[in-house]
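Colleague: Predicted model and sequence below, questions to follow.
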Amino acid sequence: MIAFIVKSTVALCVFLAFYHLILEREKMHQFNRFFLLFVIVISFAIPFISFETIKEIPVDFSRQVAISHYALNTSIHQTAEKVDYKFILLWTLYAIVTLLMAIRFGRNIWKIFSRIGNSPNVEFENSKLVLVKEKIVPHTFLHYIFINLEDYKKQNIEAELYTHELVHVHQKHTLDILFIEFLKVVFWFNPIFLFYKKAIQLNHEFLADQEIVKTYNNVPFYQNLLLTKGSEKQTIYLASNLNYLVTKKRLIMMKKRTSKNTAFLKKIAVVPLVTILMLLLCMKTVAQEVKTEVKSSASKNSSNEKTVVSKDKQNVVVKEKSVKLTDKKKAKVSSRPAVASKKTQDVKENEALNKKQESGSEVSAIISESEGRVKERRKSYGYQDMKFDTTMFRRPQNH
């Protein structure tokens, strides 16, 4: 809340200073009207706009966890034990004053409508003339123009005065005043809105005076008329008053001329002003924490090791440690001669034994074939009953 009030007030002050120094002196009152309303809205929006820039900050993760845990416990204890009575008191005071200001605001509006209801009304060029018995200066609220009943009957009201009030009606100047008055109710503690109301109402009079000069083209007569009516100090709250601030500014502005180039350059100057102000008030640096965790050498070694369990042929459980090696260690290990594991040696022995068995079976087949041929020869020669010892040809087998 405090940040919102500070940022919006700074923006409002800068815009108002720019208006008085650059824009108010030039004859571009329609633009100035919308400028004053626009900067109020943008000043309230600026605190909710942010352009973030990220800044990385290294933070020890373990320390951060400890601090966060401590802060959490502290905040819980503070919330449970301490109640901010100052905060409650300030909000109560604000609510009471705001309520009183709102009652005052509503009461003034009720007075105006009560006068409208209790006085004769006359239709006049898309507006209504409210004829009151009191001796008053002509003034306007919404589409109602308040004038004195006797002056109306005697036709003592100049045409310039009617036209002046009709400008306020047609351009709906009352809405601007109601808007700024509502802000005064909500932000009664901020005096900047008093100066904005004064600037807005004076600009309304510039607009009405400009239309009178353009329509009747009799500046001296109109100036004398304003000076005559301006001597009457009566002003009506929430209304557009004819005699509001009849000062040197208002009289000089009737004869002032502004070139199109000057008006264009000053209008364009609003864009960089708004841009720079938003960058200054909306820029926000966000600290992004980069978590770092310090590990000991022992924990690194242990994290790089894993236990592998395998079984050999004799169902003996063997535990081996597989170590993740760095590039340097891999180079050292690769330079050493490779050592065959027990499992690899067993496989090679089995292959050699199989080869021997295959060669023995081939020899037995050859011997059997030879014995068959010998029997055929013996039979052909008639020696089939003779027996020969062929065991000498057999190759002993390994068991």
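Modeller: Cool, the structure landed. If you're wondering where the values come from, they're calculated on a predicted model, not measured in any experiment.
Colleague: For the nearest residue to residue 273 once chain neighbours are set aside, the count of nearby residues, please.
Modeller: Using Cβ to Cβ, 6 or more residues apart in numbering and skipping the chain neighbours, the partner closest in space to residue 273 is residue 18 (5.9 Å). (C-beta placed from N, C-alpha, C; glycine too.) Residues contacting residue 18 under the criterion other Cβ atoms under 10 Å number 19.
Colleague: State whether residue 18 and residue 271 are indeed in contact, as I suppose.
Modeller: No: assessed by Cβ atoms under 8 Å, residue 18 is found out of contact with residue 271, at 12.0 Å.
Colleague: residue ranges with poor pLDDT in the chain?
Modeller: By pLDDT under 70, the low-scoring segments of the chain are 55-56, 58-81, 230-235, 242-246, 285-399.
Colleague: what about the strands in the chain?
Modeller: Using DSSP state E, the strands of the chain run over 51-60, 121-123, 128-132, 139-141, 144-148, 240-241, 283-292, 305-311, 317-323.
Colleague: packing partners for the shortest one?
Modeller: Pointing back at strand 240-241 there. Strand 240-241 sits against strand 139-141, helix 173-186, helix 192-216, with contacts defined as 3 or more Cβ pairs under 8 Å, 6 or more residues apart in numbering; DSSP states H and E.
Colleague: which residues does residue 47 contact?
Modeller: Shown in contact with residue 47 (Cβ atoms under 8 Å, 6 or more residues apart in numbering): 3, 4, 7, 8, 281.
Colleague: Go through the helices and strands packed on strand 240-241 and name the closest to residue 51.
Modeller: Using Cβ to Cβ as the measure, helix 192-216 is the one of the helices and strands packed on strand 240-241 that comes nearest residue 51, at 24.9 Å.
Colleague: Which positions in that closest one come out as buried?
Modeller: Neighbour counts over helix 192-216 (16 or more other Cβ atoms under 10 Å) mark 192-193, 196-197, 199-213 as buried.
Colleague: if we can go back for a sec, of the contacts of residue 47, just say which sits nearest to residue 175.
Modeller: Nearest member of the contacts of residue 47 to residue 175, counting by Cβ to Cβ, is residue 8, at 21.6 Å.
Colleague: Please look at the closest one and residue 41 and confirm they touch.
Modeller: No: contact between residue 8 and residue 41 fails when scored by Cβ under 8 Å: they sit 10.5 Å apart.
Colleague: Can you pick out the residue with more neighbours from the two?
Modeller: Neighbours per residue (other Cβ under 10 Å) separate residue 8 from residue 41, with residue 8 holding more: 22 against 9.
Colleague: So what does residue 191 have for phi and psi?
Modeller: Per-residue torsions, residue 191: phi -70, psi -10 (degrees, to the nearest 10).
Colleague: distance of it from residue 224?
Modeller: 35 Å (Cβ to Cβ, to the nearest Å).
Colleague: any idea how far residue 250 lies from residue 23?
Modeller: The value you get for residue 250 to residue 23, if Cβ to Cβ is used, is 16 Å.
Colleague: In this structure residue 141 contacts residue 241, no?
Modeller: No: applying Cβ under 8 Å as the test, residue 141 and residue 241 come out as separate, 10.3 Å apart.
Colleague: Quick check: residue 39 vs residue 126, distance?
Modeller: The gap separating residue 39 from residue 126 is 31 Å, by Cβ to Cβ.
Colleague: Tell me which residues touch residue 279, please.
Modeller: Applying Cβ under 8 Å, 6+ apart, the residues near residue 279 are residue 51.
Colleague: still on that earlier bit, residue 39 and residue 126: which is more packed in?
Modeller: More crowded of residue 39 and residue 126, by other Cβ under 10 Å: residue 39, with 22 against 9.
Colleague: Now that one: closest residue in space, sequence neighbours ignored.
Modeller: Distances taken as Cβ to Cβ, 6+ apart put residue 15 closest to residue 39, at 3.8 Å, once the chain neighbours are dropped.
Colleague: number of nearby residues for the one you found?
Modeller: Residues near residue 15, counting by other Cβ under 10 Å: 23.
Colleague: and it, what is it in contact with?
Modeller: 39, 43, 273, 277.
Colleague: biggest separation within those residues, which pair?
Modeller: Spanning the widest gap among the contacts of residue 15 are 43 and 273, at 12.2 Å by Cβ to Cβ.
Colleague: which of those two has more neighbours?
Modeller: Per other Cβ under 10 Å, whichever of residue 43 and residue 273 has more neighbours is residue 43, with 22 against 14.
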